[in-house]
Each structure stands twice: as C-alpha cells, then as structure tokens.
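In: Need the 3D shape of this:
(chains A, B and C)
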Amino acid sequence: MTMDTTAIKNILEAALLAAGEPLSEERLSGLFNETERPARGQLREALQQLRDDYTSRSLELREVASGWRIQVRQEFAPWVARLWEERAPRYSRALLETLALIAYRQPITRAEIEEIRGVTIASSIMKTLQEREWIHIVGHREVPGRPALYATTREFLDYFNLRGLEELPALAELPAQDAAHPELDLAEMLPAQQVEAAADADSASIDSGNVD
Amino acid sequence: MTMDTTAIKNILEAALLAAGEPLSEERLSGLFNETERPARGQLREALQQLRDDYTSRSLELREVASGWRIQVRQEFAPWVARLWEERAPRYSRALLETLALIAYRQPITRAEIEEIRGVTIASSIMKTLQEREWIHIVGHREVPGRPALYATTREFLDYFNLRGLEELPALAELPAQDAAHPELDLAEMLPAQQVEAAADADSASIDSGNVD
Amino acid sequence: MNDMLTDAAAQTPIAKVRGEPVTELPHDLYIPPDALEVFLETFQGPLDLLLYLIKRENLDILDIPIARVTQQYIEYIGLMIELRLELAAEYLLMAAMLAEIKSRMLLPRPVEAGEEQDPRAELVRRLLEYERFKQAAEKFDALPQLGRDVFQALAEARFKSVTRPPPAVTLDELLRAFNDALARAAMYTHHHIQRDPLSVRERMSQILSRIRADHFTEFGALFPHEEGRRGVVVTFLALLELIKESLIELVQHDLYGVIHVRSASADT
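Out: Below is the predicted model of the structure:
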C-alpha cells in the first residue's frame, strides 16, 4: 500500500519531533516498512510540504550537517530564552578566532593557529572547544613533536545551523598585495599558500568523511 | 501593546517544543513581559487554538499533572518506534557524564552538575535518565528557585549489578586506555584528550580518595 | 570591550598629518584601573593592536607608514610597562620586529634582478591574514546558534505499547565519564572541594527518599539495626550533612521527647 504525501509528512514530523535531534534522510526513510517506503522524491516532497506548513508558525524545518531538524525560529528566541534562568553562553573573541581558524584551515595544528593569530592560545580554549565537541583531533602532522591536527565536527556545523563547511560565511578576499604595490615580492606570499596546500592534502588522506 | 491570540499561540508552541517537557500555565505566562502578558482567558484560548491546529497532525496538546505538554499521537508509535529500533543507539558523552556525576555526587542539582561539567545540560538528557528510571528527584535544595536534587535509583544499581553505591569503582581502578582498547578508531577516541585525561587522573584521584 | 578604547579614541579626534611623527604619548587612550585585563581582552595580541592603530589613523594597510606606526605601537607598549603591567612576550617581539623593519627601510635596497623586496611585506601579509580571521570570528558570532537563537524542537513520545531497546552502558564507561568530567573540572577550578564518603551520599539520598515533607519520621527509625555500628555512623553523618545543606529539619516537640525528621522542602 502506498501512502499519500500528507500521511508521510505527518510521520516525518512525528519522528523529527520525537527524536529531538537531526535525522538523516536515510533514517527518515528507515521509518517506513518496505511496502510503504516512499521514493526519495516523495520523501523530499513531504519535507517540502512540512516546511511550507511551518511558514506561519514558530517552527522551521532546517537541513543541517547531520540531517533534518525541526527548530524554533530565531524570532522567538526572546520569549523562549525566558524558560531558562541562565543565559546562553557568549564566547570570547579568542575562542571564536581560534574556532574560525580551525574551521577555515582544517586540519591545522595549534602552532599554526598561534602563528596566524600572533599569540599563544590558552589551553582552556582548546579544552572548551573539544568539550563542546566542536573540534576533534584527526591526526598528527609528521614533523618533530607530531603535533595534533584539529578539525571541526558535525556537531559544530549542527550548532551553527550549517549543512556543511561550504556554508560558512565567506572569508574576506586578500587584497592583491603584489598588484597594488609591485615592489612587494610575490615569493613572500608563497609560504602561506604552501602550508594551505599541504593542509588540504592531509585532510583528504586522513579523514574527509567527518567534515561534510 | 497587546498581542493577538495567534501571536500568543505561536509563542506557546515555541516554548513547549523548546522545553520538551510539560510547562505550567504560570511558566507559560512568565514567558511574556508585563506589557504583553495575556490574561488567563486569552492564554487558555490560545492553547485551545493550538490544540485545534493539531487535529489533522501528528501532534496533540495535553494537560498533564505538571502542566501542558505537546506529544506525538499514539497512532504514530509504529513508525516513531523504528527510530530507536533500527540500531542500538549509544548514549552521548554528555549523558554519561551527567549520570556519572549523579551517581558519584548525589544528591546533586542540575546547576551543580553544570558547574562541574562547565556546560549546560540539555533537558532531554535529564528526561532520558528519568525515563530510564536510573535517576529520580529526592528533594529540593532550599535556595532560590528550589532546584530539584537528583539521586540514582534502585533500578540503576540493579542494571549495573551493584548492591550499593559503595560498589561503584573508584577512580584509581581506571585501566590505561591504550592497553585496554588498542583497536579503537583514532578519530573516535580523540587520542590526545584521552592521554591528557589519563595524565589528569593523578590529580583527580586526590578527591577519589574520599569517594570510595 | 573593544568599544571602550575605540570610543575613547573617537571622542578626542587628533588632527594628524599623514606620515608626521607623533612625539607625545597617545593622550587619546583612556586607561582604566584594571588596565591590563582591559588591554589584554581588547587586543587579541600584537597583530590586533597594530590593526587597531592602522584603522584608527585611517592608514593604508598596504602602504603602512612604518615609522609612525612603530612609534605609536611602542608608546602603547611603553605605557603598559610604565603601569607595571606584565606584557606577553609577543608584544615585545613585535616591537623588535617593527624596529627592524624601520631600520631596513632606511637602507638602500638592491634593485637589480627583481630581488627587490619591501621590508614590510611579511608584516603586511600577516596583518591581512589575521584580519580575515578576525572578521570571520565576528561573523561566526552572528550566526544563529543552537540554544541561543534557534532551539531544537522536542515533543514527548512515550508509547506504552512500544518497547525500545535502550542503549547499553557498562560500569567502566560510567567510571570513565566521571573521570573525564572531573579531569575537566580540575582545569577550571583551582580548589578541591572536600567530598564526603560515597556511602554517606548514598545514605543521604535514601533518607530523602524515605521521609516526606508532610509527615514526620521518627529520628531513631532512620537507623538500621542490621548494619551495626558502621551503619549508625554513616546514617548519622548523612543526617548531619542533610541538616547542613538545609534539606531536612529536626523537630522535637517536648524536652527529651522523640525527635522527628521531616524534609525541608514542601514537596518531594
């Protein structure tokens, strides 16, 4: 027996609200037994209908890194926040800059982050980021001391309402240093790029799976 | 400025779903500031509208002992239940740490757990632990807000095959991580953190001396 | 936090001609009593401080008047040292680097064979690179965050007819979780809280479960006979701890009368 889209939609809504965490399309599809299981297209159509249903409501259906999530819209935060006594934490600039470097330059070592920020990073910052499960160690750079390489996690993307790293706010373009001032040596620019290229190569070989 | 019933309804829905637990009418009323706060009658009217909205959906709004709760309709149990069937789920680190702190430091309030863990605890965690009947509320601390005091239950002891809490292992008994699980996946284990945790075990065992 | 210094700077606009050396201490800098903390919180390091100086003077980052910026930078650092603030080594290192660039600028540069190199190039590269991530961090903060701006929706779904296999947990995992939590807590707290023996904590829970606020339990009834002397001690310690934490009340109606115990909370 096949199900109509409304029936599918209701089941998806029930499951998403009961789970209280994002559900992948695979898991959503797994809710149905073989005879009733909707095709991928029908599943997406039901999700689209659910999303439309929510336009006049306080909810929204959003796709994040680990799947689909029903969440309360940002406009309702002023009221919802009154449910809890303690306010949501605000993160320090030092923590956010460290996180930004890991997000855009992963995998990256602590020394490389310190190099760009021009200061040493407090251990408590790395601890907090790991404890929140926003970053994890994905390997070690094969240089003396074998420093840990950090990358962001799926939880990081979920927390910041993102589907993937490509949804991160765009990094500002570097002004063309050499064009504007031809006296500046291009070679000066190279080391940074090489580091980046090396980092990208590592990322592909070590663990690209948990980034997307 | 007064709000219309639809606006009130949306706020109530947002709060009930964000809380994930029953909310009393006092708490619902407390979501609004003085100028916008609806009268008791209007609040009930908005709840009634929400209930009507749900008639064609997977949800229902019910009044239970401790307040109003949004729940998934019983008819959807066959599908929703597959969420938990499909794979033996694992508890999150946050849940395990919360349970461990309640076991070793009971009776303890949620705020005290949060203070030790350094992060807030999701309501779903406390709910899961209570549903599993591993923890229960044994009283309230007589401080502002009268927070609930949690303790472990007899079921908790039964599950872990313990006759009493004094049979919980002491920290000093923690075996070396690497030796115990040499085959564990690198990315899963956050190697550096484990190593650090093991290194910290010495300092932590200072209070473990009192624990056992 | 950043606004503090920026505002102070904006309130006293100083007309300065581009490239003209500044000879006096920066008088547009408000120095609060807790200057070091404000300074260190306001500036995320020497690169951040340099960016601030460049922005404040509306200078072209690609063509930094190095003598002037160096002067101002050193004045800031000098002020901090004057206030006996211990500056991180990075700030002093940067001062040395600026001085070196300044001196290299004075030397005639070899022009042949494209070997020419602006001594500022490396500094400019680092400043530009840092600025990108500084901005990225600000954008991060503005992203909708779960639990702050948007909230996971959760509905109750407890079906009587359905039994779901709950996750399994081993005792070992529980111990590890406790160890992890403590290890991290040790990072944040510098004091060790005296902990009661576990059996006392357990007894506290048992007593609380047993007594009811609306009903008095006889003090003596809380002491189990079968546990012997040790059990009595544990129970007594638990009662003392509960009284200390204001969780229970002891009531005695008559002198030498029976002592009753009740929960201090109205409901349990």
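In: And the lowest mean pLDDT element among the helices and strands of chain A?
Out: Sorted by mean pLDDT, DSSP states H and E, the helices and strands of chain A end with helix A:190-206, the least confident at a mean of 38.
In: Show the backbone phi and psi for A:Val64.
Out: Dihedral angles of A:Val64 (phi, psi; degrees, to the nearest 10) stand at phi -120, psi -170.
In: Same question for A:Ile135.
Out: Main-chain dihedrals, A:Ile135, degrees, to the nearest 10: phi -130, psi 160.
In: Regarding the closest residue to it other than its chain neighbours, which helix or strand does it belong to?
Out: Excluding its sequence neighbours, the residue lying closest to A:Ile135 (CB to CB, 6 or more residues apart in numbering or on different chains) is A:Leu129, at 4.6 Å. (Glycine included, C-beta is placed from N, CA and C.) Here A:Leu129, judged by DSSP states H and E, is contained in helix A:123-131.
In: List the strands paired with the helix or strand just after that helix, with their directions.
Out: Proceeding N to C from helix A:123-131, the next assigned helix or strand is strand A:135-140, under DSSP H and E. Sheet pairing of strand A:135-140 (DSSP bridges) gives strand A:148-152 (antiparallel).
In: and the partner strand, average pLDDT?
Out: Taken as a whole, strand A:148-152 carries a mean pLDDT of 95.
In: List the contacts of the spatially most central residue of chain A.
Out: Centroid-nearest residue in chain A, with CA atoms, centre = their mean: A:Leu157, separated by 1.8 Å. Neighbour list for A:Leu157: A:64-66, A:163-165, A:167 [criterion: CB atoms under 8 Å, 6 or more residues apart in numbering or on different chains].
In: can you put those residues in a markdown table and add pLDDT and distance to A:Ile108?
Out: Output for the contacts of A:Leu157, formatted as a markdown table (pLDDT from 0 to 100; distance: CB to CB, whole Å):
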| residue | pLDDT | distance to A:Ile108 |
| --- | --- | --- |
| A:Val64 | 95 | 23 |
| A:Ala65 | 94 | 19 |
| A:Ser66 | 93 | 23 |
| A:Arg163 | 94 | 22 |
| A:Gly164 | 93 | 18 |
| A:Leu165 | 92 | 13 |
| A:Glu167 | 92 | 19 |
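In: most surrounded residue in the residues you listed?
Out: Ranked by neighbour count (other CB atoms under 10 Å in any protein chain shown), the contacts of A:Leu157 have A:Ala65 at the top, with 25 neighbours.
In: hang on, isn't it packed against A:Tyr159?
Out: No. Counting by CB atoms under 8 Å, A:Ala65 stays clear of A:Tyr159, with 9.4 Å between them.
In: roughly how far apart are C:Leu87 and chain A?
Out: 11 Å (CB to the nearest CB, to the nearest Å).
In: Quick check: nearest residue in space to that residue, chain neighbours excluded?
Out: Leaving aside its chain neighbours, C:Leu87 sits nearest to C:Met80 (5.4 Å; criterion: CB to CB, 6+ apart).
In: quick one: the strands in the chain?
Out: Because you didn't say which chain, this covers chain A. Per DSSP state E, chain A carries strands over the ranges A:59-64, A:67-72, A:135-140, A:148-152.
In: should've been chain C
Out: With DSSP E as the criterion, chain C has strands at C:151-152, C:217-218, C:248-252, C:259-263.
In: Redo the ones you listed as CSV? Include mean neighbour count and mean pLDDT.
Out: Output for those, formatted as CSV (neighbours: other CB atoms under 10 Å in any protein chain shown; pLDDT from 0 to 100):
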stretch, mean neighbour count, mean pLDDT
strand C:151-152, 24, 92
strand C:217-218, 14, 80
strand C:248-252, 16, 76
strand C:259-263, 19, 78
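In: Distance to chain B added to those, as CSV?
Out: Formatted as CSV, these follow (distance: least, CB to the nearest CB, whole Å):
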stretch, distance to chain B
strand C:151-152, 4
strand C:217-218, 13
strand C:248-252, 8
strand C:259-263, 6
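In: Same list (these) but as a markdown table, adding distance to C:Leu128.
Out: As requested, those are arranged in a markdown table below (distance: least, CB to CB, whole Å):
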| stretch | distance to C:Leu128 |
| --- | --- |
| strand C:151-152 | 38 |
| strand C:217-218 | 72 |
| strand C:248-252 | 65 |
| strand C:259-263 | 65 |
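In: Return the residues in contact with the residue lying closest to A:Phe160 once chain neighbours are set aside.
Out: Distances taken as CB to CB, 6+ apart place C:Leu143 nearest to A:Phe160, at 4.7 Å, with adjacent residues excluded. Applying CB under 8 Å, 6+ apart to C:Leu143 gives the contacts A:160-162, A:169.
In: which pair in those spans the largest distance?
Out: Within the contacts of C:Leu143, A:Asn161 and A:Pro169 form the most distant pair, 11.9 Å apart (CB to CB).
In: which stretches of the chain have low pLDDT?
Out: As the question left the chain open, I've gone with chain A. Scanning chain A for pLDDT under 70 picks out A:1, A:176-212.
In: My question was about chain C, not that one.
Out: Within chain C, the ranges that satisfy pLDDT under 70 run C:1-41, C:82-86, C:109-116, C:160-166, C:186-198, C:212-214, C:225-229, C:252-257, C:265-268.
In: what's the single longest helix in it?
Out: Looking across chain C with DSSP state H, the single longest helix is helix C:121-142.
In: Show me what counts as buried in it.
Out: Using 16 or more other CB atoms under 10 Å in any protein chain shown as the test for burial, helix C:121-142 gives C:121-134, C:136-137, C:140.
In: Tell me, how many residues neighbour residue 60?
Out: Since no chain was named, I'll use chain A. Neighbour tally, A:Glu60, other CB under 10 Å: 18.
In: actually chain C
Out: Around C:Asp60 there are 11 residues (other CB under 10 Å).
In: A:Glu75 too?
Out: Around A:Glu75 there are 14 other residues, counting by other CB under 10 Å.
In: could you list every residue that touches it?
Out: Shown in contact with A:Glu75 (CB under 8 Å, 6+ apart): A:Ser58.
In: And C:Arg126, by the same measure?
Out: Applying CB under 8 Å, 6+ apart to C:Arg126 gives the contacts A:116, A:118, C:47.
In: could you redo the last one with a cut-off of 10 Å?
Out: C:Arg126 makes contacts with A:115-118, A:192, C:46-47, C:50, C:94, C:97, as judged by CB atoms under 10 Å, 6 or more residues apart in numbering or on different chains.
In: Surely C:Phe178 is in contact with B:Ala103?
Out: Yes. Distance between C:Phe178 and B:Ala103: 7.4 Å, which falls inside the contact criterion (CB atoms under 10 Å).
In: Overlap of the contact sets of these two?
Out: By CB under 10 Å, 6+ apart, C:Phe178 and B:Ala103 have these common neighbours: B:Leu168.
In: in chain C, which spans are helices?
Out: C:2-11, C:35-42, C:46-56, C:66-82, C:89-106, C:121-142, C:171-188, C:198-210, C:228-244.
In: swap in chain A?
Out: Remark: helices assigned in chain A by DSSP H are A:5-19, A:25-29, A:40-53, A:77-80, A:93-105, A:110-117, A:123-131, A:154-159, A:177-180, A:190-206.
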